[in-house]
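**Student:** Predicted model and sequence follow; I will ask about them next.
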Amino acid sequence: MNENYDSTALLALPKVWEGSVPEKGLLSWSRPYLIDKVRENGVDVLVARGADSFDLENDTVTTSRPEYSRRGEEVEVAIQDLGSRALDSFGVVRSIIKRIYPSNSSVPFLNPNSVRELAKDKFDMAHMVLDPTGNYRRKFTYLLPGNNPNEVAEEVACLPGSQVVAKPITGKRSEGVFVGQKSDVIGQFNDGVEKGYLVEEKMNFSVPMPNIRGCDEGEQRRLDAANHNGVNKEFRLFYFGQDEWDGIARIARPGEVDFLDDKWLFVDQDSIPGSLVDRSATIVNRIRQLVDRQDHDFHLAIDWVFASTASDAEPSWRVMEVNAAEPQLVQLTQNLEVGRRQHDKLATQISRIALR
């Protein structure tokens with residue numbers, strides 16, 4: 001450990017792809033700001049690139065140390081290769097690559113593998129966390145791998161309403177998602193079910209989100225226009241441990257249903273309903289119970305929609321999904337104030353765990 005710091009954190013990043021350079025991944029995604037803020041908290045930061053950097057039989061990892069310098073708005077990075085180090089020499093591993101399973105090391109991960117595994121499976125998250133805590137609020141079913149078309153039709157027919165959404169239980173960014181009339185969605189499985197699918201009644205989340213306000217006049221105009229046009233809206237609550245939250249919203253384009261372009265709406269933090277934070281806390285507590293990790297921080301993003309369904313016509317807040325792999329924060333290039341605020345909270349969380 002560097003004698004100028006009280007602990008060291010490891011940031012596990014994706015590998016350097018062929019044709020790229022290591023500097024690229026260290027200069028993007030607001031990482032210079034995050035790493036410098038962690039160091040300001042008395043915790044050094046080393047980096048591992050890709051799962052192949054880890055020797056899990058011996059619980060070691062190949063690392064490097066980025067050092068940043070600034071010339072006006074331009075940021076440069078010098079990289080010092082440090083070779084192999086024991087995982088137990090770190091106070092925390094912040095990993096955004098695939099899950100790493102050490103043999104014997106007790107170093108804490110942000111997030112723990114058990115939390116990431118639970119959040120990755122949409123059906124487990126729905127029936128083990130969100131539905132028992134009263135935050136899912138829609139009917140759903142599960143299509144098993146190997147189900148034939150008749151079995152699919154029977155399962156989907158049991159759901160209320162005429163429209164449904166079918167999601168791969170381990171999918172991401174709308175890949176493999178089917179939305180539409182029951183007959184159309186059933187038709188997507190004419191050859192049977194190859195992998196597990198969560199199927200749920202379709203929600204209408206085009207109605208205005210109560211209480212939420214834009215952070216300034218410009219953002220409020222965007223929100224007013226979205227409400228007037230009746231487009232889909234989503235509210236994301238980030239959890240940074242120890243009851244620390246932050247919120248932003250997303251607004252879809254007219255006719256869009258999946259938020260693929262990630263158009264953030266920056267909101268007044270004082271407008272976030274306290275009840276929404278309280279309900280989000282029940283989700284965190286339920287996850288703690290299931291994974292038996294009462295002593296460890298999580299970093300989650302909980303996506304809420306204010307929506308109605310065929311079985312419940314009264315609009316209310318319902319969880320769309322929970323993200324525990326790498327919840328996407330606002331980047332400094334998107335909004336300097338919000339980006340700094342959120343990355344400050346993440347830096348505090350990383351440092352807090354490393355210094356325990």
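**Tutor:** Yep, it's here.
**Student:** Does residue 302 touch residue 322 like I think?
**Tutor:** Yes - contact criterion Cβ atoms under 8 Å: residue 302 and residue 322 qualify, at 5.4 Å. No exception for glycine: its C-beta is placed from N, CA and C like everyone else's.
**Student:** neighbour count winner among these two?
**Tutor:** Using other Cβ atoms under 10 Å as the criterion, residue 302 and residue 322 rank with residue 302 on top: 28 against 25.
**Student:** I'd like to know the phi and psi angles of the more buried one, please.
**Tutor:** Torsion angles at residue 302 (phi, psi; degrees, to the nearest 10) stand at phi -110, psi 120.
**Student:** Any stretches of this protein with poor pLDDT?
**Tutor:** Within the chain, the ranges that satisfy pLDDT under 70 run 1-2, 173, 255-262, 293-296.
**Student:** let's see it at 80
**Tutor:** 1-3, 171-174, 253-263, 292-296 (pLDDT under 80).
**Student:** mind giving me the domain ranges of it?
**Tutor:** 7-110, 139-201, 204-324 (automatic domain parsing).
**Student:** Dump the ones you listed into CSV; add distance to residue 336 as well.
**Tutor:** Shown next, in CSV, are the domains of the chain (distance: least, Cβ to Cβ, whole Å):
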stretch, distance to residue 336
domain 7-110, 10
domain 139-201, 26
domain 204-324, 11
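**Student:** sorry, back to before: so what sits against both of residue 302 and residue 322?
**Tutor:** Listed as contacting both residue 302 and residue 322 by Cβ atoms under 8 Å, 6 or more residues apart in numbering are residue 283.
**Student:** where along the stretch 151-300 of the chain do the strands fall?
**Tutor:** Here the stretch 151-300 of the chain has its strands, by DSSP state E, counting those that start in this stretch, at 163-168, 178-181, 197-201, 233-239, 245-251, 264-265, 300-307.
**Student:** and of these, who's closest to residue 125?
**Tutor:** strand 197-201 (9.1 Å; Cβ to Cβ).
**Student:** what's the neighbour count on residue 101?
**Tutor:** 9.
**Student:** same deal with the one 4 residues further on?
**Tutor:** Neighbouring residues of residue 105 were enumerated by other Cβ under 10 Å; the total is 20.
**Student:** just to revisit the earlier point, which one of the strands of the stretch 151-300 of the chain lies closest to residue 142?
**Tutor:** Closest among the strands of the stretch 151-300 of the chain, using Cβ to Cβ: strand 197-201, at 6.2 Å.
**Student:** Mind listing residues that contact the closest one?
**Tutor:** In contact with strand 197-201 (Cβ under 8 Å, 6+ apart) are residues 122-123, 126, 138-143, 155-156, 159-161, 163-169, 185, 189, 309-311.
**Student:** Is the residue of the chain positioned farthest from its centre within a helix or a strand, and which one?
**Tutor:** Taking Cα atoms, centre = their mean, the residue of the chain most remote from its mean C-alpha position is residue 150, at 35.1 Å. Assigned by DSSP states H and E, residue 150 belongs to helix 149-157.
**Student:** hmm, back to that, of the domains of the chain, which is nearest residue 334?
**Tutor:** Here domain 204-324 is closest among the domains of the chain (Cβ to Cβ), at 6.4 Å.
**Student:** Now do the closest one: distance from first to last residue.
**Tutor:** End-to-end distance of domain 204-324: 25 Å, with Cα to Cα, to the nearest Å as the criterion.
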